[in-house]
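# I need the structure of the sequence given here:
(chains A and B)
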Protein chains: 2
Amino acid sequence: MNQDYIKPNPWSLIEEGFDKERVKSSESLFSIGNGAMGQRANFEEHYSGETFQGSYIAGVYYPDKTRVGWWKNGYPEYFAKVLNAPNWIAVNVHINGQTLDLNSCKKVVGFSRELNMKEGWYKRSFMATLPNDVEVQVNATRFLSLDLDELGAIKYELQVLNSDAEVKMTPYLDSGITNEDSNWDDKFWNTTKRTSIGNRAFIEAHTMKTNFATCTFMDASAEVNGKNIKAKEVENTEFKVGCEFQYSLKKGETISLTKFGGYIVSRNHKVAELTDVAINILDKALELGFDRLLEKQKDAWASVWEMSDITIEGDVKAQQGIRFNIFQLNQTYLGKDSRLNIGPKGFTGEKYGGSTYWDTEAYCLPFYMATKNQKVAWSLLEYRYNHLEKAIENARKLGFTNGAALYPMVTMNGEECHNEWEITFEEIHRNGAIAFAIFNYYRFTGDYSYIPEMGLEVLIGIARFWHQRANYSAKKKKYVILGVTGPNEYENNVNNNWYTNYLAKWCIKYTLEQLQKVKDGYPVDYDRIIAHTKLTSDETELWDEVATNMFFPYSKKHEIFLQQDGFLDKELIKVDDLDKSDRPINQKWSWDRILRSPYIKQADILQGFYLFEDNFSKEELEKHFDFYEPFTVHESSLSPCLHSIQAAKLGRMEQAYKFYLRTSRLDLDDYNKEVEEGLHITSMAGTWMSIVEGFGGMRVLDDKLCFNPQIPKQWKSYSFKVNFRNRIIKVNVSEKETAFELNGHEEVSIRVNGERVVLIPNQKVVA
Amino acid sequence: MNQDYIKPNPWSLIEEGFDKERVKSSESLFSIGNGAMGQRANFEEHYSGETFQGSYIAGVYYPDKTRVGWWKNGYPEYFAKVLNAPNWIAVNVHINGQTLDLNSCKKVVGFSRELNMKEGWYKRSFMATLPNDVEVQVNATRFLSLDLDELGAIKYELQVLNSDAEVKMTPYLDSGITNEDSNWDDKFWNTTKRTSIGNRAFIEAHTMKTNFATCTFMDASAEVNGKNIKAKEVENTEFKVGCEFQYSLKKGETISLTKFGGYIVSRNHKVAELTDVAINILDKALELGFDRLLEKQKDAWASVWEMSDITIEGDVKAQQGIRFNIFQLNQTYLGKDSRLNIGPKGFTGEKYGGSTYWDTEAYCLPFYMATKNQKVAWSLLEYRYNHLEKAIENARKLGFTNGAALYPMVTMNGEECHNEWEITFEEIHRNGAIAFAIFNYYRFTGDYSYIPEMGLEVLIGIARFWHQRANYSAKKKKYVILGVTGPNEYENNVNNNWYTNYLAKWCIKYTLEQLQKVKDGYPVDYDRIIAHTKLTSDETELWDEVATNMFFPYSKKHEIFLQQDGFLDKELIKVDDLDKSDRPINQKWSWDRILRSPYIKQADILQGFYLFEDNFSKEELEKHFDFYEPFTVHESSLSPCLHSIQAAKLGRMEQAYKFYLRTSRLDLDDYNKEVEEGLHITSMAGTWMSIVEGFGGMRVLDDKLCFNPQIPKQWKSYSFKVNFRNRIIKVNVSEKETAFELNGHEEVSIRVNGERVVLIPNQKVVA
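Down below sits the predicted model:
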């Protein structure tokens, strides 16, 4: 955990004081993004200290050659990697010939950062004494426009405090950037054109191999006392292009630089027109100006918050935590483009290479379904449909046939991006999460159309995979699934992971049901799909045989399902009985010791009980929770949120709250001491779930929205909104009551604590 | 399999015809070595085609930084790697200014290689037409002296055939060499001094980090028509130093170059004296001359063969195979230095980085015990004793305490050199092989002294490891060993691998017995060891509890032990029923598919039945052989030999012979299509075992040497010798009888087919 240097504040992240040790962590925490691009909170001016530079463009990646110690058959040769893109924020500052560099200043006082989540901007201020004793005050504000999502804007104001001074500001673009996380030090970018015209500059560069063409652009203007300063041309270097402003500031005067910049990419425009599009965007930006653009930014974020905000009264740290999570999710993905997805680090770091994990389906989808137009969730589903052929190809590489599909563990373009055999080849439950998302989308939105249009083909590929992946055990007289890694990655290559087997069975049964439903209701789609997949009733009978006779490890003694075969052979010492010096085990123990221990990285059987809770009684949940939770170390960011939800369901609010705090402030409090590498974006959706589904008890049962509201005793009240089938319902939970407000035109009936409640438009209903 | 280009010949490897595609394979097959150094059969003259350069010095290694895809706790940061050493064989040849380079010659005819195993030399001849149309005949002979094991010698004769020609020969040393198998392209060698004085040259270089200092040296002389040519100095380059001979040869004349060279290393000499020692060696070499040195080489090899030869009458390919195996083993290790060991590729390639595997104890020890003075076997055991502290340190890194020792999977200096968690951390049965070797040494040699002097401490460290590694299963009410990889590496992270559990139990029980025996017979040693290890009776009681209550997976239905928990859940399709296109599975299948299949890479339970055969009946062996062999793909070089022995024991000579051929000609026939990377040295000892223990049925039972001789129907007779407790016994098996000859002074009684037979010195006894 860090030193808690982020001040508690309901709407902002505020850091005060300059600490070189914190620069990289703050660069992560103060990241900004707009769904199309994003960047770490790097300084505009030169900084010679420890920093992790990062600016990322959604969907722009590079297939880096795989690095392994020992090659295993089936590893991908290459994997897509998030790329650090050319830097457009840079502004070199010289005062009387001396570079402004916070790392070498004599004194830095009044340093502060603010990330204003309500309005979507980031500001940094400081007063610095340069080595040449000139004192300057700097205020720099930056945002990435939600409206014009190819555009970012910076206002960089510098005042000289103690003397007159010759100031030179050099705003520039730089394509001479690298990735920290590069396997073989490949060159990722090829710069093809650098142009500067007066105060504008453009760099055209494309990624090697993937050939994503980009134009990075800028327009800079500067003024002193309301008067513009003319830009001078500067000599371009191999990767840099920009302009220069020079001015003799009198003591107390301020030079104010406005820089617009961003990226135009070939995913959205013709390669030949990238620079023209950039010029257009810059013209638009200048027409509006920085201030007007910032106003529009506030409006845009206001409408995001209007739908997705969660308020918490009486607990500012919890409030800040949930808003930070919601803010970052919206910075990362807004659902405008089905070719994009939600990377575990979003636009805040490079790690984990590829962009999409099963996190999207298992954790992010519920958030986006409830807080956005349902098209956003559709886009997330469509993303996988578009990757179906690659998932089939992926399964083929592993020996599966006949259109069986295995979705990759990590991917950017549908191809597998990971290379640990125990994960890549064996953590196959991800396939189930993708099928479950299809079910979940229909359950929540009531929109069945995705299934005949796209989903059923995905389901067939997945069902085929499970059918082939199981085998008949003559010994058990059941179908078994051998050699898997479940959600608990602290077990590898185990047999009959209960969660995986359960998902496999469910996927097949659900696919069989949907086949019948599409056959009955959408015969044209059905015929198309059958023709395309060549599915026969012989095949589906075999599926059914496997699903019906799936094996589930069970302990009669404990009356619980076993996480996998042989779990009870372990030395069952509870986490609380471990020595503190052994924690976290993933930093203290060798891998074999972790594997043979009973310790659970993240919910495994409890993940299954979460997804399929209707199939289990509360008593069963309680038994499993009580058995497994004491062995759970929660060393995955995805674990505490699910436990919070389950604890809440069991009425254990104190425990639920504890888990909630851990999930919601994971990055703010840097639990895992790694925030400098970037934020845990996907688990942030789990935080949302732990309030809405955990405390709020929101479910959809038999097409009805249901709530079982509870409130942690630390809170006075909390509120959230959900978009349920185009009706916006606001829920406000306090200690004594729950109030509902319906935004819309028609009544809707919901269930609260098992009772039917009718919501009337624009009327507060207390339950 | 290759095209069988090596001509069948009882004593030599002969290749005829020049094929660029074969160069790298032949470089492996024609490798030479003398236990202290060795080299691939690279050409002396420049070669611009595909080649794999390699010259290696025993015990000279570099700790290369580990390369992994995803780091796991416990991986070694660095691992020792066999190093390509400076090249001393190089001779550049220019004819009328044109470089002699077989890759660019207009014609190469009469190309042949011979590796004369009987006499220990390698010769290459060819006639080449250079691009400038000069035809030359070259004969080059090379050997590494067994007597002076820091010295090698080359005679390089070149005749111009079709015209007069200006010939320039430049013998040189080159320290600008690299390893093919380098993780991060580190520079491995630091060249500190290059000297040339007339026709002699010296390069002093030390390895980075490990600081092994070496002097690579040469002395060259040339003559035409019996007259010496004066050497000219040549300008040294950064890494090269040498001299030059120039002569205008008349058509038909021959220039004959003699080059002596080799390495002096700081393991054996003071760093300051390396060059002086080299000068000494060169003086000695010159005094003797090439021909006399070659005579001594023949004598030295004659005495190696005198003891270790195996003759096979009636099957030249089998004869060539076994001699090749014995020859290579002797080239690799002669047991003179307990700091050295037997690398799986010997001096024939770089792969597998470190030098020592459990192969040494499980496969090589029996060969060296039976064909050498028992000091050689002692040296191999002492090697592990010297590494005990590092094995304890290694176990500590993995969380074990109190002096528990885990020997590394792969090592050069006692530190772990491998980084796959499923191997490094889990293939722990290696510890058992090291304990078994101690038992085996005493069983065969009758020399108990190793145990009180060194072995008992090794055994205690190993017993401690097993005790801590097992845990009590409340479910099974037995001790289990979870998360291991057995000898069959096609199963990873399994529970209760029968072989591992059996070894663990045996190790503890054997250690307890030896503790008692040393206490009774060697009280001074006992006190020293107890004081040093702080072993208490409380601790040994706990060991005993674990060993006595060890769990062994068993199938009542099949009446066999199971390779591991859950083996019978697999889809049990026999290897013969697999499609040919699926083989070898390690090249065709992804790792997960291999893991969940029943296919066995190498003997696992059968390895246990081999080591502990006295504990099982022939009927039990037969049941297990019949159950497991049909699932065994023998994709390890160590598998066929053990199956050959077991098949022979079961009287299935046809099958035993099939396995024998596969093991003995593995490299010659390039079964695994990888001979170009180097030879499989350690499995060659398994080939020896399959004749002596398999066909010959040699065992030691109750202190008596026993034989149960059989003969494959393809052979007329075969013979081998064993040194049993300083008595040399020659065994000659033919279809109708087995003859024994004892070399020594005292009678010895042995058992043949269960009958007592008394051997009288120097008298042939037929049984």
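
# Which residue lies closest in space to the residue in the stretch 251-400 of chain A that chain B sits nearest to, excluding its sequence neighbours?
With Cβ to the nearest Cβ, the shortest gap between the stretch 251-400 of chain A and chain B falls at A:Leu398, namely 4.3 Å. No exception for glycine: its C-beta is placed from N, CA and C like everyone else's. Residue nearest to A:Leu398 in three dimensions, not counting chain neighbours: B:Ser590, with 4.3 Å by Cβ to Cβ, 6 or more residues apart in numbering or on different chains.

# go on, A:Lys716?
A:Lys716's closest residue in space is A:Gly314 (Cβ to Cβ, 6+ apart), at 3.6 Å.

# again with A:Ser749
A:Val758 (4.9 Å).

# coming back round to it: what about the residue of the stretch 251-400 of chain A closest to chain B, neighbour count?
21 (other Cβ atoms under 10 Å in any protein chain shown).

# what does the stretch 151-300 of chain A have sitting close to chain B?
Contact residues, the stretch 151-300 of chain A versus chain B (Cβ under 8 Å from any Cβ of the partner chain): none.

# Could you list the low-confidence segments of the stretch 351-500 of chain A?
For the stretch 351-500 of chain A, the stretches flagged by pLDDT under 70 are A:353-354.

# what about the helices in it?
A:359, A:365-371, A:374-386, A:388-397, A:421-424, A:430-445, A:450, A:456-469, A:498-521 (DSSP state H, counting those that start in this stretch).

# and these as JSON lines, adding mean neighbour count?
Output for the helices of the stretch 351-500 of chain A, formatted as JSON lines (neighbours: other Cβ atoms under 10 Å in any protein chain shown):
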{"stretch": "helix A:359", "mean neighbour count": "23"}
{"stretch": "helix A:365-371", "mean neighbour count": "24"}
{"stretch": "helix A:374-386", "mean neighbour count": "21"}
{"stretch": "helix A:388-397", "mean neighbour count": "19"}
{"stretch": "helix A:421-424", "mean neighbour count": "24"}
{"stretch": "helix A:430-445", "mean neighbour count": "23"}
{"stretch": "helix A:450", "mean neighbour count": "20"}
{"stretch": "helix A:456-469", "mean neighbour count": "26"}
{"stretch": "helix A:498-521", "mean neighbour count": "21"}
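
# would you turn those into JSON lines with distance to A:Leu130?
Below are the helices of the stretch 351-500 of chain A laid out as JSON lines (distance: least, Cβ to Cβ, whole Å):
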{"stretch": "helix A:359", "distance to A:Leu130": "45"}
{"stretch": "helix A:365-371", "distance to A:Leu130": "46"}
{"stretch": "helix A:374-386", "distance to A:Leu130": "48"}
{"stretch": "helix A:388-397", "distance to A:Leu130": "54"}
{"stretch": "helix A:421-424", "distance to A:Leu130": "50"}
{"stretch": "helix A:430-445", "distance to A:Leu130": "53"}
{"stretch": "helix A:450", "distance to A:Leu130": "60"}
{"stretch": "helix A:456-469", "distance to A:Leu130": "60"}
{"stretch": "helix A:498-521", "distance to A:Leu130": "59"}
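
# Which of those helices sits closest to B:Asn373?
For B:Asn373, the closest of the helices of the stretch 351-500 of chain A is helix A:421-424, at 45.5 Å, according to Cβ to Cβ.
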